[in-house]
Every structure is written in C-alpha cells, then in structure tokens.
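J.: have a look; sequence and predicted model below, questions after that.
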Amino acid sequence: MDEGSRPLDTLNHARGKNVMLDLKNGVSYIGKLKAFDIHINIVLEDAEERKDGTVTRKLGTVFVRGDTITIISPA
Amino acid sequence: MDEGSRPLDTLNHARGKNVMLDLKNGVSYIGKLKAFDIHINIVLEDAEERKDGTVTRKLGTVFVRGDTITIISPA
Amino acid sequence: MDEGSRPLDTLNHARGKNVMLDLKNGVSYIGKLKAFDIHINIVLEDAEERKDGTVTRKLGTVFVRGDTITIISPA
Amino acid sequence: MDEGSRPLDTLNHARGKNVMLDLKNGVSYIGKLKAFDIHINIVLEDAEERKDGTVTRKLGTVFVRGDTITIISPA
Amino acid sequence: MDEGSRPLDTLNHARGKNVMLDLKNGVSYIGKLKAFDIHINIVLEDAEERKDGTVTRKLGTVFVRGDTITIISPA
Amino acid sequence: MDEGSRPLDTLNHARGKNVMLDLKNGVSYIGKLKAFDIHINIVLEDAEERKDGTVTRKLGTVFVRGDTITIISPA
Amino acid sequence: MDEGSRPLDTLNHARGKNVMLDLKNGVSYIGKLKAFDIHINIVLEDAEERKDGTVTRKLGTVFVRGDTITIISPA
C-alpha cells in the first residue's frame, strides 16, 4: 500500500483546511480541520453549524464525536 | 503530529471551562468540564439541561455517557 | 491528570448516595448507587422507575446495562 | 473496591432467583436466573414473556442476548 | 462458577434441537440449531421464517448474524 | 466442537454457490458467494438487489458490510 | 483460503475505479476509489452525492465513515 492510500492520510492532508462534516442526524459542521484521531473524532476551528443549508450556530472550536459522522468533504 | 493536534488535547484545554454537550436525543447539557476519558465520557459541574434552548433542569454534577454525545463546544 | 479528574472517580464518589439515571428510551431510575463498572453498568438499591416525572414502579435492586444510559446525576 | 461492589456480583447473588429483564423493544422476560456472562447475555428458566403487563408466551428456557437488555430487577 | 452456569453452555445443550430465534426486526426463525459462536452468530437447518406467527419462507440452512437476535428459545 | 459446527464453516461451504443476504433496511442481495470474513463482510458476484421480491438493480460484484446483514440463506 | 477470497481483496482490486457506496441513510456516493481501511472507511475522488438517483452535490474528495456504509458496488 503506497503512501496516501489510507483514508486517514486524506484527513491528514486536509489539516488546516476547511472541511464539512455531515452527521447521522442531518446536521452539518463546517470549519477548519484542527485535529482527528483513529475513531474519526474531529476538532474543527471557526466552525459553524448548518441545517438544510442554513447557518444555525457559530461555534468557534467544536469537538465532533466520530461515530456520529457520515462523511467529511472539502468545504 | 504536533502537540495539540489530537482531539483529546482540545478537551484537555477546555478543563474548568464552560462547555455545551449536544446529545443524540436532541438534549444539551451546559456546565464546567471537570473530567473526560477516551470514551468521551464527560463529567460537568454546575450543569443545566436545555431542550430547544430552554433550561429544563439544574443538575449540579452530571456524568454523560460518551456514546450519546454528538458535539462538544464552548458555552 | 490529577486524582478526581476521571469520570469514573465521580461515580466512585457517588457510591451510597442517591442518583438518577436517564435512559435512551426516556425512562429514569432513581436509587442508591451500589455498584458500577467500566462499561457504566450500574446497580441501584431502593430504586424506583419514573416516566415523565411520575413513579411507575418500585424495583428494589436494579441492574441497568450501561449502553442504555445517557446521564447520571445526583437525585 | 470491596466484594459486592461490582454489578456482576449483584447478578451472581440473583442466581436461582426470579428476575425480570426489560428489553429495548419494550418486551419483558420473567424467569429464574440460570446463567449470565460479561456481555450480560442471560439464560432464564421457567420463563414467560410479557408485553404491557400481559403474559404473551411461556418459553421454558430462554437465552436473552445482552445488548437487547435495559434493566434486570427482582421479579 | 459451575459447569452449565454459562449462557453458551445452554446453547451447546440445544445443538441438534429445534429452537426459535426472535430478531430485533420482529421476524422469527425456527429450525434445528446446527452451530453458534461467541458472537451468537447462529446456523439453523430446516429453517423457516415467521412473521406474526405465520410462516413466510422456507429457508433450509440459514445463517443469522448474532447482533440481530433478541432471544433464543426452544421451539 | 467438531468440524462443521461453527457458523463460519457453513459460510465456507457456501462459497461459489448462490446465496441471499437480507439487510436490516429490508433490501436483499442475491448472488454467488465469493468471499467473507469474520465480520461477516460479504462479497457476491453476479449480484442483484431485490426489494419486496422485485429485482431493483443488477450490481455485478457487490461488497456488503457485515453489520448491515440479518440473515444469509441459500438462494 | 486462497488469495482473492477475502472481501478486502475485492476492494483492493477496485482501487482507482469508479464505485458506488450506499449509506444507511439512503444517500449514495459515486466516485473513484482512492483509499480504504479495515473499518471500511473509504475515500472517493471526483465524488458526487445522489439521492433517489439524482445528483445532489459535487464533492471532489470525500471521506466516508465505514459504519455508515451498507454496500459498495462498481459504478
């Protein structure tokens, strides 16, 4: 398996960039990816919460528990 | 990985500060972060429960089981 | 991490005291905390069950499986 | 931790006695506690199934998978 | 703990006998218990599927994933 | 425990044969069993998807995540 | 067990090819398979999201958490 072929490498390349997390409950969080671990627990900075495309809260730093996440994509 | 780049470090920096926990069932708990572990089990002090933005209970110290939590953010 | 900073320490301090357990299904159990383990399995003594604030059953000793619990708070 | 302070000790003391198991799906099983393990898998003898307080089935010996159980109490 | 006091011993004694498996989705499978493992994955032979007491399918050999099972009882 | 008495042995005997997988979401996949692992992750070849008995998609090779499966039976 | 008989081998053969991921919430993601791990966490490139067969978002690179996936098939 070559470097870059593991999913966590993709998260590592996204550090410091804006990402969007979609949760199982339909809520999304957009912010700068500060930290993650093997459980896919994520910390975002300058984060905001969105429901149905509308910003519902400004959160600053937010810790998102990995098992609630469905996808992570560039924002 | 530099110091501060792990999600639990972010929780560690929040010790003694007010945080808000959102649960999978839509309830939130706001209080001072006293303790946490790798399962994201959390203990808050001087905690209150909120539903739809309204305070529903004053709880004092509360232990929140990690697997019910979606996000943790500054309060 | 200093003594008292782990969530299970908080449960340990609550031994022999009355606590309230809220479950994922919306039911609560109130009783004296007799025992717990790392899975947050809990045994209460002199326990009663409450739904929507009303006592629905007197249970005596009750074993509550940890993965059904959302929060534990003083009662 | 003294003898008797672990949740499984409480189950051990209940061997051979009648207990009631409440399941996540709202069904209850009442019978003599024959066996259990660390997953809280349970075997009852002379068991019956109850829904809303009514006996719906006589089951004899029944194996109940631990992860479906919410509480175990004396019957 | 004496021989026979563990839940898997009860399943072992049921090998070759007819058992009924109730699943979390409300469907039941009745057949001869051929095999099981520690995850409570089960293989039945000469199995049939029942919903609300009515036979809905004849399945021959069926593998049932353990985490979908609520109870196992003699059929 | 004799050879053949473990659930995974039953899956092993089914390699290369047509099987039906029922999923927790009510969808079924029918195809030739190519591969499986201890998590019951399954690969089918020449697979088709069925809902309520009707073929909804032809999929060729399909990887089915084990934790979504309820039963596996001959097709 | 011969080479190629394990489910992850099938994923490995699909690297660099277009695949479709179906999620438990009914949403699908189609893109080029870049990376996966033993938890079936997946990274797709040039990915798009589809609901009920309609493209709802262009996502570029997307990380999909394994426990939300039901099936993976060629696209």
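T.: That came through, no problem. The structure displayed is predicted, hence computed values, not measured ones. Residues are numbered from 1 along each chain as shown, chains lettered A, B, ... in the order given.
J.: find the nearest non-adjacent residue to the residue nearest to the spatial centre of chain A, please.
T.: Nearest to the mean C-alpha position of chain A, counting by Cα atoms, centre = their mean, stands residue A:21 at 4.0 Å. Closest residue to residue A:21 apart from its sequence neighbours, by Cβ to Cβ, 6 or more residues apart in numbering or on different chains: residue A:29 at 4.6 Å. (C-beta placed from N, C-alpha, C; glycine too.)
J.: count the residues that sit near that neighbour.
T.: Neighbour count of residue A:29, defined by other Cβ atoms under 10 Å in any protein chain shown: 25.
J.: ok, it touching residue B:70?
T.: No: Residue A:29 lies out of contact with residue B:70 (Cβ atoms under 8 Å); the separation is 9.6 Å.
J.: any residues in contact with both of those two?
T.: A:23, A:64 (Cβ atoms under 8 Å, 6 or more residues apart in numbering or on different chains).
J.: contacting residues around residue A:24?
T.: A:68, A:69, A:70, G:25, G:68.
J.: now the last one, what are its backbone angles?
T.: By that I understand residue G:68. Here is the backbone geometry of residue G:68 (degrees, to the nearest 10): phi -100, psi -10.
J.: now it: how far from residue G:24?
T.: Look at residue G:68 and residue G:24: by Cβ to Cβ, to the nearest Å, they are 5 Å apart.
J.: within range of chain B, give me the residues from chain A.
T.: Contact residues (Cβ under 8 Å from any Cβ of the partner chain) of chain A with chain B: A:15, A:23, A:25, A:27, A:29, A:34-37, A:41-43, A:47, A:59-65, A:67-68.
J.: buried ones only from the residues you listed, please, as a ChimeraX command.
T.: Applying 16 or more other Cβ atoms under 10 Å in any protein chain shown to the residues of chain A next to chain B, the buried members can be selected in ChimeraX as follows:
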select /A:23,27,29,34,35,36,37,41,42,43,47,59,61,62,63,64,65,67,68
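J.: just the residues of chain A next to chain B: which are in strands?
T.: If you go by DSSP state E, the residues of chain A next to chain B have A:23, A:29, A:34-36, A:42-43, A:47, A:59-64 in strands.
J.: shouldn't residue A:20 be in contact with residue A:73?
T.: Yes: the criterion here is Cβ under 8 Å, and residue A:20 meets it with residue A:73 at 5.4 Å.
J.: who has more neighbours out of those two?
T.: Higher neighbour count among residue A:20 and residue A:73: residue A:73, with 23 against 18, using other Cβ under 10 Å.
J.: got a list of what the residue nearest to residue A:21 touches?
T.: A:20, A:21, A:23, A:44, A:47, A:48, A:49, A:50, A:59, A:62, A:64, B:71.
J.: and the residue of chain A that's closest to chain F?
T.: residue A:67 (12.5 Å; Cβ to the nearest Cβ).
J.: for that residue, give me the pLDDT.
T.: Per-residue pLDDT puts residue A:67 at 97.
J.: was I right to think it contacts residue A:23?
T.: No: the criterion here is Cβ under 8 Å, and residue A:67 misses it with residue A:23 at 10.0 Å.
J.: contacts only, for residue A:64.
T.: Neighbours of residue A:64 in contact, by Cβ under 8 Å, 6+ apart: A:21, A:23, A:29, A:41, A:42, A:43, A:44, B:70, B:71.
J.: do that again at 6 Å, thanks
T.: With contacts defined as Cβ atoms under 6 Å, 6 or more residues apart in numbering or on different chains, residue A:64 is in contact with A:21, A:42, B:71.
J.: same question, residue A:28
T.: A:20, A:22, A:50.
J.: try 10 Å
T.: By Cβ atoms under 10 Å, 6 or more residues apart in numbering or on different chains, the residues touching residue A:28 are A:20-22, A:48-53, A:55-56, A:70-71, A:73, A:75.
J.: out of those, which are buried?
T.: Of those, these count as buried by 16+ other Cβ under 10 Å: A:20, A:21, A:22, A:48, A:49, A:50, A:70, A:71, A:73, A:75.
J.: and those residues as CSV, adding secondary structure and pLDDT?
T.: As requested, those are exported to CSV (DSSP: H, G, I helix; E, B strand; the rest coil; pLDDT from 0 to 100):
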residue, secondary structure, pLDDT
A:20, strand, 97
A:21, strand, 98
A:22, strand, 98
A:48, strand, 97
A:49, strand, 98
A:50, strand, 98
A:70, strand, 98
A:71, strand, 98
A:73, strand, 96
A:75, coil, 88
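J.: turn those residues into a markdown table, including distance to residue C:10.
T.: Converted to a markdown table, the buried ones among the contacts of residue A:28 look like this (distance: Cβ to Cβ, whole Å):
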| residue | distance to residue C:10 |
| --- | --- |
| A:20 | 35 |
| A:21 | 30 |
| A:22 | 33 |
| A:48 | 32 |
| A:49 | 29 |
| A:50 | 34 |
| A:70 | 32 |
| A:71 | 35 |
| A:73 | 38 |
| A:75 | 37 |
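J.: between those, which is nearest residue F:6?
T.: For these, the residue nearest residue F:6 by Cβ to Cβ is residue A:70; the value is 34.1 Å.
J.: my guess is that closest one meets residue A:20, correct?
T.: No: taking contacts as Cβ atoms under 10 Å, residue A:70 lies outside contact range of residue A:20: 11.0 Å.
J.: next, count neighbours for residue A:46.
T.: Neighbour tally, residue A:46, other Cβ under 10 Å: 14.
J.: I figured it hits residue A:16, correct?
T.: No: using Cβ under 10 Å, residue A:46 makes no contact with residue A:16, being 11.3 Å away.
J.: between those two, what contacts are shared?
T.: Counting by Cβ under 10 Å, 6+ apart, the residues touching both residue A:46 and residue A:16 are A:32, A:34.
J.: returning to that earlier point: the residue nearest to residue A:21 and chain E, how far apart?
T.: Residue A:29 sits 29 Å away from chain E, going by Cβ to the nearest Cβ, to the nearest Å.
J.: likewise for residue A:21?
T.: Counting by Cβ to the nearest Cβ - residue A:21 and chain E are separated by 27 Å.
J.: pLDDT below threshold where in chain A?
T.: A:1-4 (pLDDT under 70).
J.: let's go with 90 and repeat that
T.: By pLDDT under 90, the low-scoring segments of chain A are A:1-5, A:53, A:74-75.
J.: tell me which residues touch residue A:62, please.
T.: A:21, A:29, A:31, A:34, A:42-49, B:10, B:20, B:22, B:70-74.
J.: okay but residue A:49 is in contact with residue A:60, surely?
T.: No: the pair residue A:49 / residue A:60 is not scored as a contact, 11.2 Å apart, by Cβ under 10 Å.
J.: which residues are in contact with each of the two?
T.: In contact with both residue A:49 and residue A:60: A:31, B:73, using Cβ under 10 Å, 6+ apart.
J.: hang on, residue A:75 packs against residue A:18?
T.: Yes: counting by Cβ under 10 Å, residue A:75 touches residue A:18, with 4.2 Å between them.
J.: shared neighbours of those two, which are they?
T.: Joint contacts of residue A:75 and residue A:18 (Cβ under 10 Å, 6+ apart) are A:30, A:31, A:32, A:33, A:44.
J.: who wins for neighbours among the residues you listed?
T.: Going by other Cβ under 10 Å, residue A:44 tops the shared contacts of residue A:75 and residue A:18 with 28 neighbours.
J.: about what we covered before: which residues are in contact with each of residue A:67 and residue A:23?
T.: B:24, B:70.
J.: show me what contacts the residue of chain A found nearest chain E?
T.: Closest to chain E within chain A is residue A:67: 15.6 Å, counting by Cβ to the nearest Cβ. By Cβ under 10 Å, 6+ apart, the contact list for residue A:67 reads A:24, A:39-41, B:24, B:40, B:66-67, B:69-70, G:65, G:67-68.
J.: compute the distance between residue A:27 and chain G, please.
T.: For residue A:27 relative to chain G (Cβ to the nearest Cβ), the value is 13 Å.
J.: could you pull up phi and psi at that residue?
T.: phi -90, psi 150.
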